[in-house]
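Participant: curious how this folds, go ahead:
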Amino acid sequence: MRVRNKYRKPTAFRCNAGSRCSKSAVVWSLVGFLLLLHLYSHVSHRSAVSGDIQLRMGRHPLVRELEQVEEENIQIPPPRGKRSPRAAKRRPKRTTTLIDEFLDENSQLRHVFFPDMKTAVDPTKDAGNDSYRYYPGRIWLDTEGNPIQAHGGGMLHDERSDTYYWYGEYKDGPTYHAHKKGAARVDIIGVGCYSSKDLWTWKNEGIVLAAEETDETHDLHKSNVLERPKVIYNGKTGKYVMWMHIDDANYTKAAVGIAISDYPTGPFDYLRSQRPHGYESRDMTIFKDDDGVAYLIYSSEDNSELHIGPLTEDYLDVKPDMRRILVGQHREAPALFKYQGTYYMITSGCTGWAPNEALAHAAESIMGPWETLGNPCIGGNKMFRLATYFAQSTFVIPMPGIPGSYIFMADRWNPADLRDSRYVWLPLIVGGPADRPLEFNFGFPLWPRVSIYWHRTWRLPLRWRVSK
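Facilitator: All right, here's what the predicted structure looks like:
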């Protein structure tokens with residue numbers, strides 16, 4: 001007969017059948033298994049991403065060319081006389097930064113951020129090495145020799161005519177302040193439209209949605225605000241549908257406006273304004289998915305979060321379904337695109353007309369959850385990257401013929417003279433490991449990072465240098 005030692009403590013974990021296992025051991029075993037599984041998936045995905053990038057780079061030398069970024073070494077000049085009131089408001093006792101110089105219309109560096117007309121990009125005259133080149137920040141002329149007016153814009157590729165249509169705010173009017181503390185503004189003139197076959201030479205199609213001159217109660221009265229127009233085509237109804245941010249001069253209306261047309265060049269008939277899902281809406285965009293379902297994405301709750309939800313089949317209203325994303329992060333100026341089943345988005349911070357740091361985000365489902373990947377900007381210098389090259393996101397265009405490559409569209413706002421705001425178009429490439437761990441997951445994401453590369457000048461792919 002076996003005598004049991006009364007001082008021996010019972011074992012909590014035994015390997016023979018019928019024995020008890022401690023909960024902590026089971027939990028840690030599961031955690032270890034999940035970590036190994038995650039590591040395997042991570043390595044497999046990285047290998048797939050790496051192979052995809054190598055394949056693209058092997059087939060498209062342009063990608064290697066675009067990834068060879070340029071650096072900037074801009075020295076801040078010593079103070080010269082009085083600074084402008086706008087610049088002086090920004091903590092005059094601290095060290096002057098490039099952003100201060102950018103906002104100071106009297107700065108000695110003004111020509112760096114806003115080159116004069118002598119350097120304007122004129123597609124009707126340029127030839128040789130200057131053809132089909134983008135020069136971020138320079139004045140960009142249309143085929144009539146006038147500066148393009150399509151700010152806060154969006155791009156529509158009309159498959160039926162294989163033509164690109166660029167819609168944006170037509171700001172060719174004087175800049176003023178509605179009241180002492182009001183933001184710089186230009187009266188509504190309307191939505192401008194430009195057409196192109198090659199994304200470089202743009203023909204002015206005129207004002208496709210005009211302001212209301214006399215009826216002060218109308219949403220489009222010139223004293224109000226019309227921003228960030230976006231147009232998508234509805235194949236079921238045959239209509240071109242425009243969504244835009246509609247507001248009053250004090251930005252208290254916070255609504256979206258909807259207009260429709262039978263043609264991409266308008267005229268568009270204005271239907272109404274509304275607060276989507278019953279919430280205020282300011283900076284916004286529209287995204288049309290591969291299956292034809294369209295979504296509205298807008299800043300809400302005093303710009304502290306973004307809301308996203310599908311549109312009805314006719315694209316003229318929102319469905320009740322809505323998700324809050326990036327809650328508490330204070331992001332605006334959303335620009336969405338999709339690559340290999342993953343949704344990506346570029347956003348900016350909320351600093352009025354002043355530039356700030358862009359962030360890239362990604363999601364497996366457009367309704368979320370959305371994860372933040374980090375600052376996508378590469379090149380220039382540290383301040384260039386923290387200020388998104390002194391520009392703000394507005395749209396992302398797929399670069400034809402090069403998978404995973406896009407054109408990042410941004411506005412370089414000029415609050416002293418909004419009609420002279422510039423366009424910053426830069427190459428955006430999806431590829432390589434993310435540089436920021438996820439907030440709600442193990443380690444780094446399984447999708448690649450988003451990179452926006454700085455270039456003083458860069459060229460379109462060869463196949464797009466011939467007018468179609």
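
Participant: quickly note the distance from the spatially most central residue of the chain to residue 97.
Facilitator: Central residue of the chain (Cα atoms, centre = their mean): residue 335, 3.2 Å from the mean position. Residue 335 sits 26 Å away from residue 97, going by Cβ to Cβ, to the nearest Å. The way it works is simple: take the backbone N, C-alpha and C, and place the C-beta from them, glycine included.

Participant: residue 362 too?
Facilitator: 30 Å.

Participant: got the CA coordinates for the helix or strand the residue nearest to the centre of the chain falls within in PDB?
Facilitator: Secondary structure assigned from DSSP states H and E places residue 335 in strand 332-339. Taking C-alpha atoms only, strand 332-339 is exported to PDB below (Å, rounded to 0.1, in the frame of the first residue of the first chain):
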ATOM      1  CA  GLU A 332      -9.300  65.600 -42.500                       C
ATOM      2  CA  ALA A 333      -8.800  65.800 -46.300                       C
ATOM      3  CA  PRO A 334      -9.300  62.000 -46.800                       C
ATOM      4  CA  ALA A 335      -8.000  60.500 -50.100                       C
ATOM      5  CA  LEU A 336      -8.800  56.800 -50.700                       C
ATOM      6  CA  PHE A 337      -7.500  54.100 -53.100                       C
ATOM      7  CA  LYS A 338      -7.400  50.300 -53.300                       C
ATOM      8  CA  TYR A 339      -4.600  47.900 -54.100                       C
END
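
Participant: so which elements touch that strand?
Facilitator: strand 284-288, strand 294-300, strand 342-348, strand 392-398, strand 405-412 (3 or more Cβ pairs under 8 Å, 6 or more residues apart in numbering; DSSP states H and E).

Participant: closest to residue 120 out of those?
Facilitator: Set against residue 120 and scored by Cβ to Cβ, these come closest in strand 405-412, at 14.6 Å.

Participant: now the strands for the stretch 251-400 of the chain?
Facilitator: 255-261, 269-274, 284-288, 294-300, 305-310, 323-325, 332-339, 342-348, 359-363, 371-374, 377-378, 392-398 (DSSP state E, counting those that start in this stretch).

Participant: export the ones you listed as a markdown table, with columns for mean pLDDT and distance to residue 451.
Facilitator: As requested, the strands of the stretch 251-400 of the chain are exported to a markdown table (pLDDT from 0 to 100; distance: least, Cβ to Cβ, whole Å):
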| stretch | mean pLDDT | distance to residue 451 |
| --- | --- | --- |
| strand 255-261 | 98 | 31 |
| strand 269-274 | 98 | 37 |
| strand 284-288 | 98 | 21 |
| strand 294-300 | 98 | 22 |
| strand 305-310 | 98 | 22 |
| strand 323-325 | 98 | 22 |
| strand 332-339 | 98 | 13 |
| strand 342-348 | 97 | 11 |
| strand 359-363 | 96 | 9 |
| strand 371-374 | 92 | 10 |
| strand 377-378 | 96 | 5 |
| strand 392-398 | 97 | 13 |
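
Participant: and those strands as CSV, adding distance to residue 421?
Facilitator: Formatted as CSV, the strands of the stretch 251-400 of the chain follow (distance: least, Cβ to Cβ, whole Å):
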stretch, distance to residue 421
strand 255-261, 21
strand 269-274, 24
strand 284-288, 18
strand 294-300, 20
strand 305-310, 24
strand 323-325, 28
strand 332-339, 14
strand 342-348, 15
strand 359-363, 22
strand 371-374, 27
strand 377-378, 19
strand 392-398, 10
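
Participant: so which of the ones you listed comes closest to residue 163?
Facilitator: With Cβ to Cβ, the closest approach to residue 163 among the strands of the stretch 251-400 of the chain belongs to strand 392-398: 13.4 Å.

Participant: what residues does that closest one touch?
Facilitator: With Cβ atoms under 8 Å, 6 or more residues apart in numbering as the contact definition, strand 392-398 has outside contacts at 152-155, 157, 164, 168, 199, 228, 230, 285, 333-337, 344, 346-348, 355-356, 358, 405-413, 428.

Participant: which of those count as buried?
Facilitator: 152-155, 164, 168, 199, 228, 230, 285, 333-337, 344, 346-348, 355-356, 358, 405-413, 428 (16 or more other Cβ atoms under 10 Å).
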